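>>> Provided below are the primary sequence and the corresponding predicted coordinates.
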Amino acid sequence: MKARVSIQKADKIYSLELEDIEDWQKAFRELEAKLELWLKNKIEVALDPGFLDKLPWQPYANGRGEWIKADLADAQELREKLSEIPGFMLKIGDYQYRLQGDRLQFISRRRLT
């Protein structure tokens with residue numbers, strides 16, 4: 001008998017397929033380890049969206065986002081937070097922010113819909 005064990009937290013879902021329902025203890029331990037890793041990597045962000053809006057964002061030519069140079073003094077805290085997160089991406093207010101570029105020299109943002 002197959003079974004699926006899942007934990008959902010916000011927009012993240014962690015799940016395991018079980019070949020045998022008797023493996024539930026093993027699955028629970030594996031799922032618990034994944035959740036612990038996720039919580040360890042969760043970064044608390046206390047950046048003010050209003051402050052971020054005042055940075056000198058440049059619009060992309062396609063109109064679907066904006067960017068600034070990551071070495072901008074006023075963007076230092078945002079850059080540090082982004083560099084601590086796997087994937088270099090986080091959501092603050094109505095925007096998704098990401099470190100980008102071959103040397104992570106830019107910060108981009110896109111409005112969430």
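Nice, thanks for sending it over.

>>> figure out the length between the terminal residues of stretch 79-88.
For stretch 79-88, the first-to-last residue distance is 9 Å (C-alpha to C-alpha, to the nearest Å).

>>> cool, stretch 80-90 as well?
One end of stretch 80-90 to the other measures 12 Å (C-alpha to C-alpha).

>>> for it, buried residues please.
In terms of neighbour count (16 or more other C-beta atoms under 10 Å), stretch 80-90 has its buried residues at Lys81, Leu82, Ile85, Phe88, Leu90. C-beta coordinates here come from the backbone N, C-alpha and C atoms, glycine included.

>>> what's the answer for stretch 53-67, then?
Using 16+ other C-beta under 10 Å as the test for burial, stretch 53-67 gives Trp57, Gly65, Glu66, Trp67.

>>> the last one - that's part of a strand, no?
So the one you mean is Trp67. Yes. If the criterion is DSSP: H, G, I helix; E, B strand; the rest coil, then Trp67 is within a strand.

>>> how close does it sit to Ala27?
Trp67 sits 43 Å away from Ala27, going by C-beta to C-beta, to the nearest Å.

>>> I'd guessed Lys91 sits against Leu112; true?
Yes. Assessed by C-beta atoms under 8 Å, Lys91 is found in contact with Leu112 at 6.6 Å.

>>> just for the chain, where's the confidence low?
For the chain, residues meeting the criterion pLDDT under 70 lie at 1-24, 37-46.

>>> quick one: the strands in it, in order.
Residue ranges of the strands in the chain, as given by DSSP state E, are 3-9, 12-18, 58-59, 66-69, 89-92, 95-100, 106-111.

>>> show me what the fifth one packs onto, helices and strands only.
Pointing back at strand 89-92 there. Counting contacts by 3 or more C-beta pairs under 8 Å, 6 or more residues apart in numbering; DSSP states H and E, strand 89-92 packs against helix 76-84, strand 95-100.

>>> need these in a markdown table (columns: distance to Leu35).
Shown next, in a markdown table, are these (distance: least, C-beta to C-beta, whole Å):
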| stretch | distance to Leu35 |
| --- | --- |
| helix 76-84 | 19 |
| strand 95-100 | 23 |
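
>>> sweet, I'm off.
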